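> curious how this folds, go ahead:
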Amino acid sequence: MGRSEVVRPPLAPLDGRLDRFDLTVGTAVEFLRGTWPELQEVRFEIGAIPGFDATDEVPRWYLDRENRRIVLFRLPIERLLPPGHDDAPHRRMAIESAVFRAAAEYVGREPWDLGHEH
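Model (predicted):
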């Protein structure tokens with residue numbers, strides 16, 4: 001499973017789906033790191049698909065607290081949208097939602113708490 005650490009691109013992104021995914025994740029991560037100090041040292045990585053057996057539901061992310069990292073799985077996040085919601089705005093909302101929900105689970109809070117002060 002190929003993974004890359006999420007970093008903010010120094011140049012304008014290309015107009016591909018992978019580039020838009022990376023940029024959306026990077027923007028959300030930057031916001032969260034500025035809001036929650038406990039995420040400063042957490043590595044956010046992007047993987048294509050989970051490399052392990054899923055149970056009832058295909059995971060959108062994997063938390064590795066021991067190594068301080070969160071792996072977001074691009075294909076399940078982008079491709080498992082409800083019918084009629086496979087467009088750019090809905091994909092962006094799904095990506096941002098996955099980043100917020102994974103970060104919230106990592107720090108043991110609710111996703112809607114991540115945008116506010118302690």
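> element containing residue 22?
Using DSSP states H and E, residue 22 sits within helix 17-35.
> that helix: which residues count as buried?
20-29, 31-33 (16 or more other C-beta atoms under 10 Å). C-beta: built from backbone N, CA, C; applies to glycine.
> try stretch 61-73
For stretch 61-73, the neighbour count (16+ other C-beta under 10 Å) marks 61, 62, 63, 69, 70, 71, 72, 73 as buried.
> farthest pair within these?
Taking C-beta to C-beta as the measure, the buried residues of stretch 61-73 span a maximum distance of 13.3 Å, between 69 and 73.
> pretty sure residue 95 sits against residue 81.
No: with contacts counted by C-beta atoms under 8 Å, residue 95 stays clear of residue 81, the gap being 10.5 Å.
> okay, these two: which has more neighbours?
residue 95 (23 against 15; other C-beta atoms under 10 Å).
> what residues are up against the closest residue to the more buried one other than its chain neighbours?
Spatially, and ignoring its direct neighbours in sequence, residue 95 is nearest to residue 24 (4.4 Å; C-beta to C-beta, 6 or more residues apart in numbering). Neighbouring residues of residue 24 by C-beta atoms under 8 Å, 6 or more residues apart in numbering: 92, 95, 96, 99.
> so which of those wins on neighbours?
Highest neighbour count within these, by other C-beta under 10 Å: residue 99, with 27 neighbours.
> local confidence estimate at the closest residue in space to that residue that isn't next to it in sequence?
Excluding its sequence neighbours, the residue lying closest to residue 99 (C-beta to C-beta, 6+ apart) is residue 28, at 4.0 Å. Looking at residue 28, its pLDDT reads 95.
> list the residues that contact residue 28.
The contact partners of residue 28, taken as C-beta under 8 Å, 6+ apart, are 95, 96, 99, 100.
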